[in-house]
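Q: the following comprises the amino acid sequence and a computationally predicted model.
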Amino acid sequence: PPGPMPLLLIGNVLSIDTKEPWLTFTQWHAAYGDLVFVRILDQEAVVINFQHVAEALLDKRSRIYSDRPYLATV
């Protein structure tokens with residue numbers, strides 16, 4: 001999915017308002033659509049901005065998309 005251009009190493013972490021992150025997600029929804037791909041530090045994430053899309057992906061297709069994120073430890 002489309003999304004904002006990440007910065008090297010830190011991704012989109014500086015683009016997200018820490019006090020009101022939903023406002024950032026709302027702006028991204030207007031610019032990129034219902035699904036937005038973001039990179040926060042070394043984690044990749046998909047922001048789902050529409051309830052109908054979230055239900056379709058997470059409820060009806062949960063077997064395809066359910067997984068635990070890979071967390072690298074040093």
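A: Arrived safely, thanks for sending. Numbering: from 1, shown residues only.
Q: make it CA atoms for all contacts and neighbour counts henceforth
A: Will do.
Q: okay, buried residues for the longest helix along the chain please.
A: Assignment by DSSP state H gives helix 21-32 as the longest helix of the chain. For helix 21-32, a neighbour-count test (16 or more other Cα atoms under 10 Å) marks 25, 28, 29, 32 as buried.
Q: helices or strands next to that helix in the packing?
A: Packing partners of helix 21-32 (3 or more Cα pairs under 8 Å, 6 or more residues apart in numbering; DSSP states H and E): strand 35-40.
Q: now do the following helix or strand past the strand it packs on: distance to the chain's middle.
A: Downstream of strand 35-40, the first helix or strand assigned by DSSP states H and E is strand 43-48. Distance of strand 43-48 from its chain centroid, counting by Cα atoms, centre = their mean, to the nearest Å, is 2 Å.
Q: please apply the same query to stretch 1-12.
A: 10 Å.
Q: put the alpha carbons of that stretch into PDB.
A: What follows is stretch 1-12 as a C-alpha-only set of coordinates in PDB (Å, rounded to 0.1, in the frame of the first residue of the first chain):
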ATOM      1  CA  PRO A   1       0.000   0.000   0.000                       C
ATOM      2  CA  PRO A   2       1.100   3.600  -0.500                       C
ATOM      3  CA  GLY A   3       2.300   5.700   2.400                       C
ATOM      4  CA  PRO A   4       4.500   8.600   3.400                       C
ATOM      5  CA  MET A   5       8.200   8.500   2.500                       C
ATOM      6  CA  PRO A   6      10.200   7.200   5.500                       C
ATOM      7  CA  LEU A   7      13.500   8.700   6.600                       C
ATOM      8  CA  LEU A   8      16.600   6.500   6.700                       C
ATOM      9  CA  LEU A   9      16.800   4.400   9.900                       C
ATOM     10  CA  ILE A  10      14.000   6.100  11.800                       C
ATOM     11  CA  GLY A  11      11.200   5.700   9.200                       C
ATOM     12  CA  ASN A  12       8.100   7.700   9.800                       C
END
